[in-house]
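J.: predicted model, plus sequence, below.
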Amino acid sequence: MTLPLQAPQSAELYLAVQHFYARQMQLLDDGRADEWAATFTEDAVFAANARPEPVRGRADIAAGAREAVEQLAQDGLVRRHWLGMLSVDARADGTVLARSYALVISTPRGGQAGVHVSTVCVDVLVWDDEDLLVRDRHVTRDDLV
Amino acid sequence: MTLPLQAPQSAELYLAVQHFYARQMQLLDDGRADEWAATFTEDAVFAANARPEPVRGRADIAAGAREAVEQLAQDGLVRRHWLGMLSVDARADGTVLARSYALVISTPRGGQAGVHVSTVCVDVLVWDDEDLLVRDRHVTRDDLV
Amino acid sequence: MTLPLQAPQSAELYLAVQHFYARQMQLLDDGRADEWAATFTEDAVFAANARPEPVRGRADIAAGAREAVEQLAQDGLVRRHWLGMLSVDARADGTVLARSYALVISTPRGGQAGVHVSTVCVDVLVWDDEDLLVRDRHVTRDDLV
């Protein structure tokens, strides 16, 4: 097991990825679907074992998010996406492989908060100037494994 | 979306805030109410959508925490405060704006652990020598939004 | 409350410990029991308030993990170990004291994810070249306190 965190560069990267996810999840959970979709590349692919086909491209990713945001508002639910247990590998081609657990917490208005689903999220991240963007995301729900 | 984490200074700050929260939450959950309150400034304001009025000043914040600690002991409950999805912005005036999700996990003695509440925590942190302190905290419970 | 995170060395350490736990928990939850056990020293001691006696030595720690992995597979359960609220202290003897909350999320195949147990994990970590290893682990389940 190598822990490539001795070099300051790697520590910076690990933190940048943490911060990226914090902001990305807050955008989604705040209902800012288009800003959230802007954290994916134009040609990003978002695959999930809960869906028959991957969603392809930022426009479709944004459309799906807007739909989900509206549905949650109709249902009176607040969702919070937590990422944790993050491991990060800088790859030779300049992309970043990030693997994390993602937990979705759901709270009905006036009701009891609880765990909605537990998932594993594997991302290929790329640099766009000083920002990270998701180029490939694969989310695996634990209940559907 | 800017990720101001390229500079070592910002990475240091992000980590300092993470570590601050880890220690702060451990103090509260360990029932060390006065030490926990000492992580707020003397004139701190603690507002929450679950309370009609903010609590003002470290002394009242400590009193409230002592009361909560006693109540939990009477009820035979262990509470754990988890903070995550932390975003940090260093501001021009030297203060630090920190926004995070806070999840409260509750376990009755001999019983089943579960999510108690899901919240968003927005803090203004200030430096006191090498320590961070909370000057303003605003906690929003998702069930009361 | 001191936050020894001003020095780059300490920030590096804090991140190395975070990354260590992310990889360690992923190994366990992926069912890679022997690789997981290899993140403990040969003479490691794993104590828990849920067990009458500590488990001593990497071989027995591995055997226990293999058994747990098989049991979960038989029961059709996916477990995810989340560590958070991590505080880290570098000690004079070169070891690292790490205290964290550990939450176990459990998902039955085709069923509803939920919190299994909430615990506190106190580790003594040691360096083995560039890798961290657990020499002493003490896990306290909140329901058994």
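T.: Ah, there it is.
J.: quick one: low-confidence parts of chain A?
T.: Across chain A, the ranges flagged by pLDDT under 70 are A:1-9.
J.: show me where it has strands.
T.: A:40-48, A:55-56, A:77-90, A:96-108, A:114-128, A:131-141 (DSSP state E).
J.: neighbours of A:His138, how many?
T.: A:His138: 17 surrounding residues under other C-beta atoms under 10 Å in any protein chain shown. In short, each C-beta sits where N, CA and C put it, glycine included.
J.: same question, A:Met85
T.: Counted with other C-beta under 10 Å, A:Met85 comes out at 24.
J.: so which of the strands of chain A comes closest to C:Phe40?
T.: strand A:77-90 (18.0 Å; C-beta to C-beta).
J.: which other helices and strands does the closest one contact?
T.: If you count contacts as 3 or more C-beta pairs under 8 Å, 6 or more residues apart in numbering or on different chains; DSSP states H and E, strand A:77-90 packs onto helix A:8-29, strand A:96-108, strand B:77-90, strand B:96-108, helix C:8-29, strand C:77-90.
J.: kindly recompute the last result at 6 Å.
T.: Applying 3 or more C-beta pairs under 6 Å, 6 or more residues apart in numbering or on different chains; DSSP states H and E, one finds that strand A:77-90 contacts helix A:8-29, strand A:96-108, helix C:8-29.
J.: can you give me the buried ones in the first one?
T.: Under the neighbour-count criterion of 16 or more other C-beta atoms under 10 Å in any protein chain shown, helix A:8-29 has A:10-29 buried.
J.: can that helix be found next to chain B?
T.: Yes. Using C-beta under 6 Å from any C-beta of the partner chain, helix A:8-29 reaches chain B at A:Glu12, A:Leu15, A:Ala16, A:His19, A:Phe20, A:Ala22, A:Arg23, A:Met25.
J.: run through who's touching stretch A:86-103.
T.: Stretch A:86-103 has contacts (C-beta atoms under 6 Å, 6 or more residues apart in numbering or on different chains) with A:13-14, A:17, A:82-85, A:118-119, A:121-126, C:22-23, C:80.
J.: ends of that stretch, how far apart?
T.: With C-alpha to C-alpha, to the nearest Å applied, stretch A:86-103 spans 12 Å between its terminal residues.
J.: so how far is chain C from A:Gln71?
T.: Counting by C-beta to the nearest C-beta, to the nearest Å, the gap from A:Gln71 to chain C is 20 Å.
J.: would you mind measuring from that residue to A:Ile105?
T.: 17 Å (C-beta to C-beta, to the nearest Å).
J.: neighbour count winner among the two?
T.: Using other C-beta under 10 Å as the criterion, A:Gln71 and A:Ile105 rank with A:Ile105 on top: 21 against 10.
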